[in-house]
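Trainee: sequence first, then the predicted structure, then my questions.
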Amino acid sequence: MRAMAMSRRNLLAVGTFALAGASSISATVRARTQATRGANNEEIVRRYYKAWEKKDWGPIDVLLAENFTFTSANKDDHISKSAFKTQCWESQIEFIDHFELKRLMTQGDWAFVKYLCRTKNGKSLRNVEYFQFRGEKIAAIECYFGAPSSFPSAVSTGSS
């Protein structure tokens, strides 16, 4: 076998190109992983709203992480899953007919959703919600809306 002589300059150039190639492969893999995770998170968000429409807590309970928190302008500051069920689900579920997801953006471990909520008596309200994910679970939701007069119950009963 014959040894090949290579200058330090050429060796450095070859090493530089090898590192550049490896880093671009890594970036491509990372981008594909984020795209896959984003698609999965989009599906989780859609299943979450469908469960509200079906009035079925079971799928929501499965989608929410055990240490899930919910935050809103209604003095809900990082409330637990059980408090969310009592304060939000149980008090609003009977007023909701369906959701029209107007915008759904996901990236990595978060999603933003803008929706139109239709109440059973044909009225509507708009909200924006920010989701954070941990694996295949919803770790937290922050809900942004106007005054409590924009809740499904208030819109439905005309107490706004």
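Mentor: The structure has been received and is ready for your questions.
Trainee: and residue 136, its phi and psi?
Mentor: Main-chain dihedrals, residue 136, degrees, to the nearest 10: phi -100, psi 20.
Trainee: list the contacts of it.
Mentor: By Cβ atoms under 8 Å, 6 or more residues apart in numbering, the contact set of residue 136 is 40, 44. (Glycine included, C-beta is placed from N, CA and C.)
Trainee: now do residue 105
Mentor: 111, 112.
Trainee: residue 144 bridge partners, please.
Mentor: Note on residue 144: beta-bridge partners by DSSP bridges are residue 128.
Trainee: for residue 72, that is, sorry about that
Mentor: Beta-bridge partners recorded for residue 72 (DSSP bridges): residue 76, residue 143.
Trainee: against residue 140, how distant is it?
Mentor: Distance from residue 72 to residue 140, counting by Cβ to Cβ, to the nearest Å: 12 Å.
Trainee: what of residue 80?
Mentor: In terms of Cβ to Cβ, residue 80 sits 11 Å off from residue 140.
Trainee: and if you look at residue 132?
Mentor: For residue 132 relative to residue 140 (Cβ to Cβ), the value is 4 Å.
Trainee: isn't residue 49 up against residue 101?
Mentor: Yes: here residue 49 reaches residue 101: they are 6.6 Å apart, a contact under Cβ atoms under 8 Å.
Trainee: overlap of the contact sets of these two?
Mentor: 113, 115.
Trainee: show me what contacts the closest residue to residue 152 other than its chain neighbours?
Mentor: Computed as Cβ to Cβ, 6 or more residues apart in numbering, the closest residue to residue 152 that is not its neighbour in sequence is residue 95, at 3.8 Å. Counting by Cβ under 8 Å, 6+ apart, residue 95 touches 119, 120, 152, 153, 155, 156.
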